[in-house]
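A.B. asks: everything below, folded, please.
(one chain, ligands or ions: 1)
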Amino acid sequence: MPSPRYYITVVSGLEEVAWGELQEKLAAPRLVRMERGRVFFDSASAPRELLALRSVENVLAYAGDFGGITADTNSLEHVRREVAQIPLDEQVLMYESITGPKREPSFRVTAHRTGTHDFNSVQVAAAAGAGVIDRYGWRVDLTGHDLEVRVDVREDTCLVGLRLSDTALSRRSRIEHGPASLKSTVAHCMIRLIGWHSNEAFVDPMCGTGTILVERIALGFPRLLVGGEREERMLQKSVINLGAALWPKPPARDAGQGCLAPTAATPPAEDAPVRFVRWDARRVPVAAGCVDRIACNLPWGRRVGSHRVNVHLYPAFVREVGRMLAEGGKAALLTAEKRLITRCIHREHRLALDGIRPIRVGGLHASIYVVKRV
Ligand SMILES: C[S@@+](CC[C@H](N)C(=O)[O-])C[C@H]1O[C@@H](n2cnc3c(N)ncnc32)[C@H](O)[C@@H]1O
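C.D. replies: The predicted structure follows:
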């Protein structure tokens with residue numbers, strides 16, 4: 001029997017990084033196609049296994065796609081007719097393998113639309129919903145639905161899938177939020193871009209609510225994990241998020257703190273190789289050449305900080321990255337201040353730019369800069 005076809009949605013720009021994770025974790029994945037924000041593949045893995053992926057926003061069972069969408073409202077009837085032709089039986093079984101059987105399921109359609117059309121996504125959802133009712137007669141329930149059919153109209157094409165992940169997977173493991181908290185999925189991909197090993201010293205010098213630290217620990221404890229931050233209240237949020245992710249009770253502030261579903265290898269909170277330090281990232285109290293990996297989401301000068309402040313912060317911070325990193329060490333730096341960070345990296349003689357990955361997150365164009373210590 002052929003493997004079921006899935007697709008995942010990811011933050012635009014991180015498709016290849018996500019594909020790396022799929023290849024590493026899934027049974028016999030076969031790439032079907034990759035496009036902006038989506039990766040289509042076949043895999044023998046059970047649907048439940050896909051919910052543990054960390055680079056992925058949503059997991060869907062592929063049902064079908066069709067073309068022929070035009071700009072005018074006649075396309076809505078086309079959507080209804082085409083959706084009514086697409087069987088969802090196998091996809092429902094895949095969903096039920098996670099949730100248990102649903103008798104007489106209710107459903108809703110969520111629609112996303114890009115391109116120039118005389119109709120909006122609500123109208124697409126209504127048309128597709130009518131198609132599903134034509135075929136299956138399921139009851140619509142917008143809030144308490146059992147099944148969610150997702151329809152994506154992009155220009156002249158329409159993709160139909162059944163959602164397997166109930167909530168966006170990026171919303172995991174954060175109970176304390178900050179003004180610029182990073183998506184966990186992006187944090188995970190940043191770490192993938194620089195690689196990791198168990199003997200490393202890992203630092204996020206502006207850790208905010210600790211998203212990157214939680215993701216690093218999800219890959220296993222490093223030799224040492226350090227979160228630094230200027231604001232005490234953010235540091236406390238980090239401690240709570242890491243503690244909640246790993247230990248049922250938040251660890252004491254000074255005891256050495258940690259994070260994520262406890263395993264046999266999870267040390268008790270007081271022995272965890274985790275430190276939080278209140279510091280200024282322009283002058284970090286860490287000896288030169290002692291850090292193997294740095295991942296940091298810098299202030300973009302929008303929700304946190306300002307361009308005026310960044311003009312002073314970035315050069316000093318990038319110098320500290322060059323100073324802290326051990327030879328061969330790497331850093332992933334995320335920001336939308338593209339010109340400023342590029343200038344700072346080029347000026348820091350101890351660093352070489354190893355790659356730039358443009359991403360689109362929160363409606364903004366940002367980039368992950370991978371640098372290595374030369
Ligand atoms: C974009 S946020 C990081 C968000 C974090 N990745 C998260 O998921 O919550 C940048 C953080 O840098 C901190 N920050 C700004 N300037 C700093 C400095 N000079 N030293 C240390 N931290 C600083 C801010 O307080 C803020 O929490």
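A.B. asks: from here on, contacts and neighbour counts on C-alpha atoms
C.D. replies: Noted.
A.B. asks: for the stretch 151-300 of the chain, what lies in contact range of the ligand?
C.D. replies: For the stretch 151-300 of the chain, the residues in contact with the ligand (C-alpha under 6 Å from any ligand atom) are 178, 180-182, 206-211, 229-231, 234, 279-282, 297-299.
A.B. asks: filter those down to the ones in strands?
C.D. replies: Using DSSP state E, the subset of those located in strands is 229, 297.
A.B. asks: which of the residues of the stretch 151-300 of the chain next to the ligand count as buried?
C.D. replies: Among those, those classed as buried by neighbour count (16 or more other C-alpha atoms under 10 Å) are 180-182, 206-211, 229-230, 234, 279-282, 297-299.
A.B. asks: identify those among those that sit within helices.
C.D. replies: Applying DSSP state H to these, the entries found in helices are 211, 234.
A.B. asks: and the strand or helix carrying Val132, what does it pack onto?
C.D. replies: Here Val132 sits within helix 121-136, counting by DSSP states H and E. With contacts defined as 3 or more C-alpha pairs under 8 Å, 6 or more residues apart in numbering; DSSP states H and E, helix 121-136 has these neighbours: helix 74-84, strand 106-114, strand 147-154.
A.B. asks: list the buried residues for the first one?
C.D. replies: By neighbour count, with 16+ other C-alpha under 10 Å as the criterion, the buried positions of helix 74-84 are 75-76, 78-84.
A.B. asks: what mean pLDDT would you report for the helix or strand hosting Phe202?
C.D. replies: Under DSSP H and E, the secondary-structure element containing Phe202 is strand 201-204. For strand 201-204, mean pLDDT is 98.
A.B. asks: mind checking how far it is from the chain centre?
C.D. replies: 20 Å (C-alpha atoms, centre = their mean, to the nearest Å).
A.B. asks: which residue ranges of the stretch 151-300 of the chain form helices?
C.D. replies: 184-194, 211-218, 232-246 (DSSP state H, counting those that start in this stretch).
A.B. asks: just the angle between the second one and helix 184-194, please?
C.D. replies: Angular relation of helix 211-218 and helix 184-194 on a 0 to 180 degree scale: 60 degrees, by axes from the mean of the first three to the mean of the last three C-alpha atoms, to 10 degrees.
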